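Asks: sharing a model prediction with you, sequence too.
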Amino acid sequence: MNKGGAEQGGHSSKQVENIVLVGRTGNGKSATGNSLIGKRVFVSKAHASGVTTKCQTHEAVTKDGHRINVIDTPGLFDIALSAEFISKEIVRCLTLAEGGIHAVILVLSARTRMTQEEESTLSTLQALFGSQILAYVIVVFTGGDVLKENNETLEEYLGRDCPAFIREVIKLSGNRMVLFNNRTHDEGKKAEQVHKLLSLVDKIRKTHHGEAYTDDMYHEIKAEQHKLRKQHEELESKNHPVDLVSLMKDKLQASYQEKMDQMSSTMEKKLKTALKEQDNMSSALSATVGFLPDGMPTVSVSVPMKPLRGGHCSIL
C-alpha cells in the first residue's frame with residue numbers, strides 16, 4: 001500500500017477529503033452523496049429514469065468544517081455494465097481523487113435482500129482499488145426509514161439477516177458502519193448521520209496518520225497527468241503558430257488517452273479475474289452419494305463457504 005497527502009493535527013483549510021461512493025445501483029449511493037453534500041447534486045434512481053453511469057464529483061464544506069470531495073461511481077455490481085466500462089470509470093475516478101482516497105463508502109440497502117452480484121464485493125473492491133483498500137472502507141446501510149417503521153436497530157437487522165460475505169466485509173473494514181435515512185426531513189437527524197459518517201472518516205485519517213490511500217495505478221495516473229501538464233507548459237513557452245500548438249496538443253492528449261486506456265485494460269483484466277474466481281467459488285458444488293436403510297439412494301450436495309461462528313451476525 002502506498003500513501004500520500006499527510007496532514008498533521010486537525011483539518012487543514014486546504015485539505016480536501018476524497019470520499020468515493022461505491023455500491024449497486026438502487027442501493028442509495030447518489031442519495032447518500034446528496035446527504036453528504038447537503039443538497040441534491042447527484043441524480044438518484046428515485047428521481048430520474050437514468051442512473052449513475054459516469055463518475056461524478058462535487059465538493060462541499062460541511063457544518064463540521066470538513067472540506068469534502070464526494071465521488072459517485074457507476075454501480076459496481078450491476079451485470080448490465082461491462083467490466084471494460086467499469087474499469088474505465090474507476091480509472092477516471094482515480095484521476096478525480098487528487099491526493100488519494102480518504103474513504104470508500106460501500107453503500108448497501110437494508111430495504112432489499114443482498115444480490116448474488118454483491119457477493120463479489122470483496123474481490124471487486126480489491127481488484128479495482130488495490131488489496132489494502134478495506135482499511136479505508138466504511139459500510140453505509142440505507143433504508144433507515146424502513147428499520148424505524150419496524151422499530152428495529154441496525155444491529156437487530158444484521159442479527160437476523162446478515163449474509164456471510166457482508167459479515168466478512170464489515171469485519172475486514174473494522175466494523176465501521178452507519179445507518180442512513182436519506183428520506184428523512186428531520187434536519188437534526190440528517191446532521192447526526194452525516195456527523196457520524198464523517199467521524200468515521202476522521203477515525204480512518206487518524207489511524208493512517210492523515211495519509212490518503214493510493215496504489216501503484218494511482219501513482220501511474222498522476223505521473224501521466226504531470227507529464228501532460230509539463231508538455232503543455234513547454235509547448236506554450238515556445239513561439240509556435242497557434243494552429244501548430246493546437247495540433248501538437250491534440251497529439252499529446254491522444255498519447256495521454258492511450259496510456260489511460262492501457263491502465264483501464266489492466267484493471268479490466270484484474271476485475272474479470274476476480275469475478276471469475278468468485279463465480280467458480282459460488283458454483284463449486286460437492287456431492288456425496290449414500291443409501292438409506294431401505295436401500296434407496298440419497299445425494300447430499302454442499303456449497304463451499306467460509307465457516308460461520310454462531311447462528312447470526314456477530315459483528316459488534
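Replies: Cool, the structure landed.

Asks: where along the stretch 1-150 of the chain do the helices fall?
Replies: Here the stretch 1-150 of the chain has its helices, by DSSP state H, counting those that start in this stretch, at 29-37, 83-96, 121-129, 144-149.

Asks: mean pLDDT lowest where, among those?
Replies: Ranked by mean pLDDT, the helices of the stretch 1-150 of the chain bottom out at helix 121-129, which scores a mean of 82.

Asks: re earlier: go through the helices of the stretch 1-150 of the chain and pick out the most buried.
Replies: Of all these, helix 29-37 has the most neighbours on average by mean count of other CB atoms under 10 Å, namely a mean of 24. Any C-beta I mention is one placed from the backbone N, CA and C, and that applies to glycine too.

Asks: which residues does it contact?
Replies: 19, 21-23, 40-46, 51-52, 58, 60, 62, 68, 70, 72-73, 75, 105, 107, 140, 142, 180, 182, 190, 193-194, 197-198 (CB atoms under 8 Å, 6 or more residues apart in numbering).

Asks: got the contact list for the closest residue to R92 other than its chain neighbours?
Replies: Closest residue to R92 apart from its sequence neighbours, by CB to CB, 6 or more residues apart in numbering: C55 at 4.9 Å. Residues counted as contacts of C55 (CB under 8 Å, 6+ apart) are 71-74, 89-90, 92-93, 96.

Asks: cool, and L154?
Replies: By CB under 8 Å, 6+ apart, the neighbours of L154 are 110, 141, 144, 147, 177, 179.

Asks: cool, and S246?
Replies: With CB under 8 Å, 6+ apart, S246 has no contacts at all.

Asks: can you check the one 4 residues further on too?
Replies: For D250, no residue counts as a contact, taking CB under 8 Å, 6+ apart as the criterion.

Asks: doesn't it belong to a helix?
Replies: Yes: under DSSP: H, G, I helix; E, B strand; the rest coil, D250 falls within a helix.

Asks: okay, it and Y256: tell me how far apart.
Replies: Applying CB to CB, to the nearest Å, the value for D250 to Y256 is 11 Å.

Asks: now the helices for the stretch 201-316 of the chain?
Replies: Under DSSP H, counting those that start in this stretch, the stretch 201-316 of the chain gives helices at 216-237, 242-283.

Asks: now the ones you listed in CSV, with mean pLDDT and distance to L128?
Replies: Converted to CSV, these look like this (pLDDT from 0 to 100; distance: least, CB to CB, whole Å):
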stretch, mean pLDDT, distance to L128
helix 216-237, 92, 9
helix 242-283, 86, 6
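
Asks: of those helices, which approaches N151 most closely?
Replies: When the helices of the stretch 201-316 of the chain are compared by CB to CB, helix 242-283 sits nearest N151, at 34.8 Å.

Asks: just give the number of residues close to M248.
Replies: By the criterion of other CB atoms under 10 Å, M248 has 15 neighbours.

Asks: count residues in the vicinity of the nearest residue to it once chain neighbours are set aside, would you?
Replies: With CB to CB, 6+ apart as the criterion, M248 has its nearest non-adjacent residue at 5.8 Å, and that residue is L235. Using other CB under 10 Å, L235 has 15 neighbouring residues.

Asks: ok, back up a step: among the helices of the stretch 1-150 of the chain, which is nearest K222?
Replies: Per CB to CB, nearest to K222 of the helices of the stretch 1-150 of the chain: helix 83-96, 8.3 Å.

Asks: could you list every helix and strand in contact with that closest one?
Replies: Packing partners of helix 83-96 (3 or more CB pairs under 8 Å, 6 or more residues apart in numbering; DSSP states H and E): strand 67-72, helix 121-129, helix 216-237, helix 242-283.

Asks: just to revisit the earlier point, can you list the contacts of C55 in TSV and add distance to R205?
Replies: Output for the contacts of C55, formatted as TSV (distance: CB to CB, whole Å):
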residue	distance to R205
I71	17
D72	21
T73	21
P74	26
E89	26
I90	22
R92	24
C93	19
L96	19
